[in-house]
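Chemist: I'll drop the sequence and a predicted model, then ask my questions.
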Amino acid sequence: MEVLVTGGAGFIGSNIVERLVSEGHSVTVIDCLNTGSENNLAGVRDKIEFIRGNSGDIEKLASGKKFDTILHQGVYSTSPLYKENRSLTAKALEEFISVLEYCTKNKTRLVFASSSSLYNGITPPHREDAQIKVTDFYSEARLAMERVATLYHQLYGTKIIALRYFSVYGPHEEAKGKYANLVTQFLWAMMKGQPPVVYGDGKQTRDFVFVSNIVEANLLAMKSQLEFGIFNVGTGRSVSINEMIEILNRQLGTSFEPQYVENKVKNYVAHTQADTSFTKSKLGFSAKVSLEEGIGKLIEYSQPIK
């Protein structure tokens, strides 16, 4: 297939690109490198076409090209960024509409990244048909994208699948820095001999999902015959931050005690857990890599850069 990955030099996008290349697809990447890095594509750089730019300029950047599918990962994906710059809410939607226009005009299938943050305040396990209550600008941006995607499908028949990612961690998060997943941030700290700093009591739970599971879901959505759908992508298992630190300690052979500090963030997500039954029934997806295995893979990847 001819595939365009927006945000393809970012954390999740670059992992998707590597998998696509390994399967023999023809891959083009558009990335502005704000939270991504060409280093993430070092292993496949000579096998893809890389275009530096913004997904909102897709009409110009992809002029003359024809894609079977666009995997849209090129969205600012961290809640604090939206708190710091609330105008990102409008920017994310505007750029997404540019991608939707391109897909509608060219009859291109679209798979895009949404977020489990939409479930904040809802008792887990989280189902796709839950009544969403927007709690911040980040979740507003994601919900608006889903609403607009629904309209494009209903009005123009655009083929679209939204994937609500849960708490994703794995290789290639270096360029995200302080916005990297907690698993990765804690691993970096512990490998430097520093205790993990936990905001709150560490009893908050997350459905931590290794990035290869996210990649698998994107490819299943890309190859699916479904014309529209919104799906959870998680493991279905919820683990506390304290438990996650215990797993890190066991695998690193360390005994760090968390350093607890006051959590001053309002609307902080207390618990997440994906109900993946709908995703499994429609896309055939189930997470193959557990938290323990994923942390092991991340440690192996991180050893040379400690």
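Modeler: That came in fine, so what should we check first?
Chemist: Would you confirm that residue 128 contacts residue 274?
Modeler: No: between residue 128 and residue 274 there is no contact under C-beta atoms under 8 Å: 9.5 Å. No exception for glycine: its C-beta is placed from N, CA and C like everyone else's.
Chemist: Now the common contact residues for those two.
Modeler: Taking C-beta atoms under 8 Å, 6 or more residues apart in numbering as the criterion, residue 128 and residue 274 both touch 164, 232.
Chemist: of the two, who's got more company?
Modeler: residue 274 (29 against 20; other C-beta atoms under 10 Å).
Chemist: In contact with the residue lying closest to that one once chain neighbours are set aside, which residues?
Modeler: Nearest residue to residue 274 in three dimensions, chain neighbours excluded: residue 234, at 2.8 Å (C-beta to C-beta, 6 or more residues apart in numbering). By C-beta under 8 Å, 6+ apart, the contact set of residue 234 is 116, 165, 166, 167, 207, 209, 272, 273, 274, 276, 287.
Chemist: ok, now residue 144?
Modeler: Counted by C-beta under 8 Å, 6+ apart, residue 144 has contacts 89, 93.
Chemist: part of a strand, is it?
Modeler: No: secondary structure of residue 144 (DSSP: H, G, I helix; E, B strand; the rest coil): helix, not part of a strand.
Chemist: if we can go back for a sec, would you list the phi and psi of the residue nearest to residue 274?
Modeler: phi -150, psi -170 (degrees, to the nearest 10).
Chemist: cool, and the one 4 residues further on?
Modeler: When read as degrees, to the nearest 10, the backbone of residue 238 gives phi -110, psi 130.
Chemist: going forward, begin numbering at 8 instead of 1
Modeler: Yes, from this point I'll number from 8; that puts the last item at residue 245.
Chemist: That one contacts residue 279, doesn't it?
Modeler: Yes: using C-beta under 8 Å, residue 245 is in contact with residue 279, at 6.8 Å.
Chemist: Quick one: low-confidence residue ranges for this structure.
Modeler: Scanning the chain with the threshold set as pLDDT under 70 gives 273-274, 311-313.
Chemist: hmm, try it at 80
Modeler: 83-91, 271-275, 311-313 (pLDDT under 80).
Chemist: So which residues of it form helices?
Modeler: 18-29, 65-68, 86-91, 95-113, 144-163, 189-198, 218-230, 248-259, 284-290, 298-309 (DSSP state H).
Chemist: residues in contact with the third one?
Modeler: Outside helix 86-91, the residues that touch it by C-beta under 8 Å, 6+ apart are 83, 95, 96, 124, 143, 144, 145, 146, 148, 186.
Chemist: Verify the stated contact: the first one with residue 99.
Modeler: Put plainly, it is residue 83. Yes: between residue 83 and residue 99 there is a contact under C-beta under 8 Å: 6.2 Å.
Chemist: who's more crowded, these two?
Modeler: Of the pair residue 83 and residue 99, residue 99 is the one with more neighbours under other C-beta under 10 Å, namely 25 against 19.
Chemist: so who does that one touch?
Modeler: Counting by C-beta under 8 Å, 6+ apart, residue 99 makes contact with 82, 83, 148, 152.
Chemist: any idea how far the closest residue to residue 28 other than its chain neighbours lies from residue 59?
Modeler: Closest residue in space to residue 28, ignoring its immediate chain neighbours: residue 51 at 4.6 Å, by C-beta to C-beta, 6+ apart. Using C-beta to C-beta, to the nearest Å, residue 51 is found at 16 Å from residue 59.
Chemist: the more surrounded of those two?
Modeler: residue 51 (19 against 12).
Chemist: about what we covered before: overlap of the contact sets of residue 245 and residue 279?
Modeler: Joint contacts of residue 245 and residue 279 (C-beta under 8 Å, 6+ apart) are 131, 212, 213, 214.
Chemist: Quick check: the last one touching residue 283?
Modeler: Translated: residue 214. No: Residue 214 lies out of contact with residue 283 (C-beta under 8 Å); the separation is 9.2 Å.
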